[in-house]
Each structure stands twice: as C-alpha cells, then as structure tokens.
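Student: fold the stuff below for me.
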Amino acid sequence: MAELEVTKVAEQLNHRVLYSVRLSAEANRMEFPIGIQDQGSASANEAAVLASTLALAEEFDAAARLQLGAAVTRR
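Tutor: Below is the predicted model of the structure:
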C-alpha cells in the first residue's frame, strides 16, 4: 500500500503556506511542493493540501489513461 506524508515547509508573506507532499509505493517514490492559501489552522491547511493532492492524482490518472488508450490504438 502507498504511503503519503505531508510536511509543512514554509509560511510565505502573501498568506500562502508551502507543503512538501511525499508519496511512496513499493519501488516508486514521488515528492512535490503544493502551495495553498492559509486556511487559519494546521488541520484545515492539511485538509486543503490533501484535497489538492487528490485533485492532482486524479489528473495524473486521467492523463495516464489517455496515453495508455492512445498507445493501444497505435498498435
């Protein structure tokens, strides 16, 4: 099963908070930054980061499925 780690990296001057999101699964690992507007509490900020991470993962999924579909039709 994949592991997800969210770490607060910095608070920026424009009321934005920068987080590092690390995903690990068996032989694969990915880490990327996500910046969000400060939601007013640590738990609300983490929820916003997780929602952003989920939206990004769904976009990756759709793009990969499109590429796989294109690869199948090219054969």
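Student: what does stretch 52-62 rub up against?
Tutor: 4, 6, 21, 34, 36 (CB atoms under 8 Å, 6 or more residues apart in numbering). Heads up, the C-betas are built off the backbone N, CA and C, glycines and all.
Student: flag every buried residue along that stretch.
Tutor: Thr53 (16 or more other CB atoms under 10 Å).
Student: look up how far Glu3 lies from the residue nearest in space to the middle of the chain.
Tutor: The centroid of the chain falls nearest to Thr53 when counting by CA atoms, centre = their mean (2.9 Å). Separation of Thr53 from Glu3 (CB to CB, to the nearest Å): 13 Å.
Student: could you do Ala57 as well?
Tutor: 14 Å.
Student: for Leu50, what are its contacts?
Tutor: Leu50 makes contact with 4, 6, according to CB under 8 Å, 6+ apart.
Student: check which helix or strand it maps to.
Tutor: helix 42-74 (DSSP states H and E).
Student: just how off-centre is that helix within its chain?
Tutor: 8 Å (CA atoms, centre = their mean, to the nearest Å).
Student: the bottom helix or strand of the protein by mean pLDDT?
Tutor: helix 42-74 (a mean of 88; mean pLDDT, DSSP states H and E).
Student: number of residues surrounding Ala10?
Tutor: Number of residues near Ala10 (other CB atoms under 10 Å) recorded here: 11.
Student: then Asn45?
Tutor: 19.
Student: not counting sequence-adjacent ones, nearest residue to it?
Tutor: Spatially, and ignoring its direct neighbours in sequence, Asn45 is nearest to Gln39 (4.9 Å; CB to CB, 6 or more residues apart in numbering).
Student: pretty sure the one you found sits against Ala51.
Tutor: No: counting by CB atoms under 8 Å, Gln39 sits too far from Ala51 to count as a contact (10.5 Å).
Student: more neighbours, the two?
Tutor: Set side by side, Gln39 and Ala51 show more neighbours around Gln39, with 15 against 12, by other CB under 10 Å.
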